[in-house]
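**Q** coords please:
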Amino acid sequence: MKPYQEHDEQNYTENKSNKNCGCNPYMRNGHHHANTSFKKNEEWNDPHSLQRHKENEKEWSRQSEGSYYNCNQIRSQSPVLPDVSKRFQAIMINALSPSCLTELNLPLGETVPFPPRECRQIITEYQTLIGSLESGTDIYFYIFYHTDDGGYVIANRENGRVLEYMDNPSELFRVLRSRLYNGSSPQIFNIFGNAHTTFRLQTQTQPSGESYVLRPCNDDPHSLISLLFTRTSLGLSNPNTLLNLRESERIPPVPIPSLQPPSKLGPIPELTHLGDYGNPPAPALVGTALLPCIFVNDRTMSQRIKDSPYYILECYDYWKLISSHEVQPYETKGWEENTGMNRSAQDDMRDMINITIGNDKRLRFFNLSSPFRQSIVNNINISASNETTDLPARYEPNSFTNNTSLPIRYAKYFIARQFLLKRSNQTTPIRSWEYVDNTISVMKQFTSPS
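**A** Numbering: from 1, shown residues only. Just a heads-up that it's a prediction; the model follows:
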């Protein structure tokens, strides 16, 4: 990745529609490292000042264990996913029969041709019924996305819609349906038992203080009838609330990419001659997280649930060259420093992955991404934001005055952080975003020999 490639005599103030990450590389044990940024309108004609500048950089590098990027307090690891989060399986009502959950999307008011009547009336769109498993059809298979609280969002392979509990005071109308994912509590279920053997599908605790488990209406696991929810206290003693998972022989397991360990961003080399524009080290990987496709706004839901059930979000740090010039004796050179993150980039990031960069340079999560916040934070090595506002863009003028009798080359850098979003079946990013940290900068300079 080469954040900048051109080396012409100009200010390096490009501000692309990119986006970035956070875990402060200059913070160790809660202390901010020396900032070797160069002050507004500073005059580089004092040899003692230059010497102090170089000594500060050496000490800074030493404290950072030889690296400008140091985030050892958080360690990345490959995501550990439950087995149900790595494959599509049918949810069987009865292990000894082909009865399973199915989504037929029958018209409202229609009744299915089996008694009793109260168990066969369609009361909501995409109401989930008991059907007979057809192994060659995707509509019968689901993946369980693991949430931070130990629950699961259960998504269908055919259309990407997720199962949802429909609350109602009457048990006959307390049914299971499918909806587009919205991050709400009725779309998160607990597995009560062992998913490898038998389990019960349990709702989260509702505002009433109750939780409910799924059972066939009229306790009939064989007919094409509704699935209802009964109070957990009653359902635990009912054998008809037991479910099983059956893996598809046709659909392969979901490929889970091997995530690279984080790396460190090294120091910027010294300038060696007047024509040296600066040659910063390679970007450093901060961390990598997997995002369930249900909240990534890429293509249609039915496409991404099949092609890329998970997306890869990578975060990199790099030194961004803002300005580099050769300044003649007694000349002043000015430029504009564009830092932070512009509004259009923040909006695009939220639209794409339901995350933005907070004003504290951490990750802001919203309704779709919040159920998976902790797993994302743990793997990408960036804390969750405590802010209610996004990091804004900043535009500040700066200048360099050469009060010596010799030409000077300077190069001004800021730390930039970049997010890359990839489909799990591709290596080329489909989006990138970045922000530039205005508090972390380095100035390098070379004076022509006399």
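**Q** who does the nearest residue in space to V286 that is not next to it in sequence bridge with?
**A** Closest residue to V286 apart from its sequence neighbours, by CB to CB, 6 or more residues apart in numbering: C315 at 4.1 Å. In this view, the C-beta of every residue, glycine as well, is placed from N, C-alpha and C. Judged by DSSP bridges, the bridge partners of C315 are G287, F419.
**Q** ranges for the helices of the stretch 301-450 of the chain?
**A** Assigned by DSSP state H, counting those that start in this stretch, the helices in the stretch 301-450 of the chain fall at 301-307, 343-353, 373-380.
**Q** pretty sure the residue nearest to V286 contacts I376?
**A** No - the criterion here is CB atoms under 8 Å, and C315 misses it with I376 at 10.5 Å.
**Q** Model confidence for S263, exactly?
**A** Looking at S263, its pLDDT reads 96.
**Q** Would you mind confirming that it makes contact with G287?
**A** No - applying CB under 8 Å as the test, S263 and G287 come out as separate, 10.2 Å apart.
**Q** Which one of the two is surrounded by more residues?
**A** G287 (26 against 15; other CB atoms under 10 Å).
**Q** And that one, how far from I380?
**A** 4 Å (CB to CB, to the nearest Å).
**Q** same thing with I122?
**A** Taking CB to CB, one finds I122 at 43 Å from I380.
**Q** Looking at the two, which one has more neighbours?
**A** A direct count of neighbours by other CB under 10 Å for I122 and I380 places I380 higher, at 27 against 20.
**Q** Tell me who's in contact with E396.
**A** Applying CB atoms under 8 Å, 6 or more residues apart in numbering, we find E396 in contact with 336-337, 339, 438.
**Q** quick one: it and F295, what's the gap?
**A** From E396 to F295 the distance is 35 Å (CB to CB).
**Q** any idea how this protein splits into domains?
**A** Domain assignment for the chain, taken from automatic domain parsing, gives 27-79+256-447, 83-247.
**Q** For the last one, give the mean pLDDT please.
**A** If you average the pLDDT over domain 83-247, you get 90.
**Q** Kindly check the end-to-end length of it for me.
**A** End-to-end span of domain 83-247 (CA to CA, to the nearest Å): 11 Å.
**Q** distance between that domain and the chain's centre?
**A** The chain centre lies 28 Å from the centre of domain 83-247; the measure is CA atoms, centre = their mean, to the nearest Å.
**Q** The longest one now?
**A** Counting by CA atoms, centre = their mean, domain 27-79+256-447 is centred 17 Å from the centre of its parent chain.
**Q** neighbours around S385, how many?
**A** Each residue near S385 was counted by other CB under 10 Å, and the total is 21.
**Q** Surely it touches F366?
**A** No - between S385 and F366 there is no contact under CB under 8 Å: 11.0 Å.
**Q** returning to that earlier point: give me the subset of the contacts of E396 that lies in strands.
**A** Of these, the ones assigned to strands by DSSP state E are 336-337, 339, 438.
**Q** looking at it, N218 is touching R117, isn't it?
**A** No - using CB under 8 Å as the test, N218 is too far from R117 to be in contact (10.5 Å).
**Q** can you count the residues close to L391?
**A** By other CB under 10 Å, neighbour count at L391 equals 28.
**Q** Do a quick rundown of the strands in the stretch 301-450 of the chain.
**A** Ranges of strands in the stretch 301-450 of the chain, per DSSP state E, counting those that start in this stretch, are 310-327, 332-340, 355-357, 363-365, 393-401, 408-423, 431-447.
**Q** still on that earlier bit, ranking the ones in strands among the contacts of E396 by neighbours, who comes first?
**A** T339 (24 neighbours).
**Q** how near is that residue to N438?
**A** Going from T339 to N438 by CB to CB gives 4 Å.
**Q** cool, and R231?
**A** According to CB to CB, R231 and N438 sit 56 Å apart.
**Q** One more: P252?
**A** 47 Å.
**Q** Same question for stretch 430-443: list its buried residues.
**A** Neighbour counts over stretch 430-443 (16 or more other CB atoms under 10 Å) mark 431-438, 440-443 as buried.
**Q** Might you report the residue contacts of the residue nearest to V286?
**A** Shown in contact with C315 (CB under 8 Å, 6+ apart): 20-21, 285-288, 380-382, 417-420.
**Q** what's the nearest residue to the residue in the chain sticking out farthest from the centre if we skip its chain neighbours?
**A** Taking CA atoms, centre = their mean as the measure, the residue most remote from the mean C-alpha position of the chain is S450, 53.3 Å away. Leaving aside its chain neighbours, S450 sits nearest to L406 (6.0 Å; criterion: CB to CB, 6+ apart).
**Q** Could you do E110 as well?
**A** What sits nearest to E110 in space, not counting adjacent residues and going by CB to CB, 6+ apart, is I122, at 4.9 Å.
**Q** quick one: contacts for that neighbour?
**A** 106-112.
**Q** now it: how far from T128?
**A** Using CB to CB, one gets 11 Å for the distance from I122 to T128.
**Q** what do you get for L420?
**A** Distance from L420 to T128, counting by CB to CB: 37 Å.
**Q** Now do stretch 354-369, average pLDDT.
**A** 99.
**Q** what's G160 in contact with, if anything?
**A** G160 makes contact with 180-181, 293-294, 300-302, 304-305, according to CB under 8 Å, 6+ apart.
**Q** Quick check, pLDDT for the nearest residue to it once chain neighbours are set aside.
**A** Spatially, and ignoring its direct neighbours in sequence, G160 is nearest to M301 (3.2 Å; CB to CB, 6+ apart). Per-residue pLDDT puts M301 at 96.
**Q** Same question for D317.
**A** Note on D317: pLDDT of 98.
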